[in-house]
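>>> Provided below for reference: sequence and predicted model.
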Amino acid sequence: MTFGFIRILFVLISMVVGFQLGSAYEGFGSGWGLFGIGAGAVVALIIVLIERGAGKLSLRGLSAAVFGLILALIVSRFLIQAIDLIPDLDQTFGSALKLVLVLILCYFGVIFSMRGRDEFNVIIPYVKFERQDQRDEIFLLDTSVIIDGRILDICQTKFVEGRFMIPRFILKELQQVADSQDALKRARGRRGLDILNKLKKLSHVNLKIDEKDFAESLTVDEKLVKLAKVVGAKVLTNDFNLNKVAEFQGVTILNINDLANALKPIILPNETLDVKLVKEGKEPNQAIGYLDDGTMVVVENGRRSLGTLQRIVVTSVLQTAAGRMIFGKLPSSR
């Protein structure tokens, strides 16, 4: 509604300016005035169409519009002074050119300043426009969480809401993995690209590519942390090292592994589990099995039961940053 009002007002003002410019040549009431109205409307509509084609960005309030208007007036002031330096310029034509230039710059300044805070605080550091009634959460996706694929399941359940942002340098790294000579890396990279395509097709997910980049000397992780600090975003990752580095720098990290561990059912000592023992453990007579969620189960004295489904008694549970391990033994080992 706000953009529509600005566009209509811009077209009307352009028609009035066109009428005045047309009448200035042949006098008030002549056909040139009507021609100026039509020309002003056509030019204004073309400019509006160009602006609409630039894409939709989020609204950030009247303060952003005022800032954009002030910035446009400052820029137009310098351009007007440059026009005055043109030798032998017709005064009437020069005045018309200045008026049209100021009008166009003010329109673009108001429109683009209301497009989003993340675009502005990169161009002008420390300047942010935030909505007071509602704040959109921004989530940056790194390569590990994209390849992992569980972010797609989380988005499909609608547990996470907000804007998802894929930095261009992350997309470039993912493409390099997909083009790798190693078959395993190539498969992982293509899986990540498939996940992004599926995310983009979800109607309730706002996914866009961010074009910002930083010095080439920085690593991908360093760029990701810096971008998160600039736009005020949270980082979704499975990378343990990135997790620690980002937290140290004050960036909020959402680790999918932490979420998965938190959702695993609580298992207490002396409970029983049915586990298929699939391989030998590191210690003598140990056997290893896995639960349906991938949790490793270490069974003492279970080597002789490899390849069979056994009911074990839980002795202890070890929770680590990498995941959870369950230790148990066969009932006959009591």
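That came through, no problem.
>>> Pull the residues that contact the helix or strand hosting residue 222.
Using DSSP states H and E, residue 222 sits within helix 220-231. When contacts are defined by C-beta atoms under 8 Å, 6 or more residues apart in numbering, helix 220-231 is touched by residues 117-118, 121-122, 125, 138, 140, 142-143, 165, 167, 169-170, 173, 210, 212-214, 218, 233-235, 239, 241-242, 245-246, 249-252. No exception for glycine: its C-beta is placed from N, CA and C like everyone else's.
>>> Show me just the buried residues among these.
117-118, 121, 138, 140, 142-143, 165, 167, 169-170, 173, 210, 212, 233-235, 239, 242, 245-246, 251 (16 or more other C-beta atoms under 10 Å).
>>> Identify each buried residue in the helix holding residue 222, please.
Neighbour-count burial for helix 220-231, with 16+ other C-beta under 10 Å as criterion, is recorded at 221, 223, 224, 225, 226, 227, 228, 230, 231.
>>> Which residue lies nearest the spatial centre of this protein?
Residue closest to the average C-alpha location in the chain (C-alpha atoms, centre = their mean): residue 165, at 1.4 Å.
>>> Need the nearest residue in space to that one, chain neighbours excluded.
Nearest non-adjacent residue to residue 165, counting by C-beta to C-beta, 6 or more residues apart in numbering: residue 210, 4.9 Å away.
>>> What's opposite the one you found in the beta bridge?
Counting by DSSP bridges, residue 210 forms beta bridges with residue 167.
>>> Quick one: residues in contact with whatever helix or strand residue 139 lives in.
According to DSSP H and E, residue 139 maps onto strand 138-141. The contact list for strand 138-141 (C-beta under 8 Å, 6+ apart) reads 118, 151, 160, 162-167, 170, 224, 227-228, 231-236, 254.
>>> Helix or strand next in line after the helix of greatest length in the chain, which one?
As assigned by DSSP state H, the longest helix anywhere in the chain is helix 2-26. Using DSSP H and E, the next helix or strand after helix 2-26 towards the C-terminus is helix 31-53.
>>> could you say what helices and strands that next one packs with?
Judged by 3 or more C-beta pairs under 8 Å, 6 or more residues apart in numbering; DSSP states H and E, helix 31-53 is in contact with helix 2-26, helix 91-113.
>>> Which residues does the longest helix of the chain contact?
With contacts defined as C-beta under 8 Å, 6+ apart, helix 2-26 is touched by 29-30, 32-41, 43-45, 47-48, 51, 59, 92, 96, 99-100, 103, 107, 110-111, 114.
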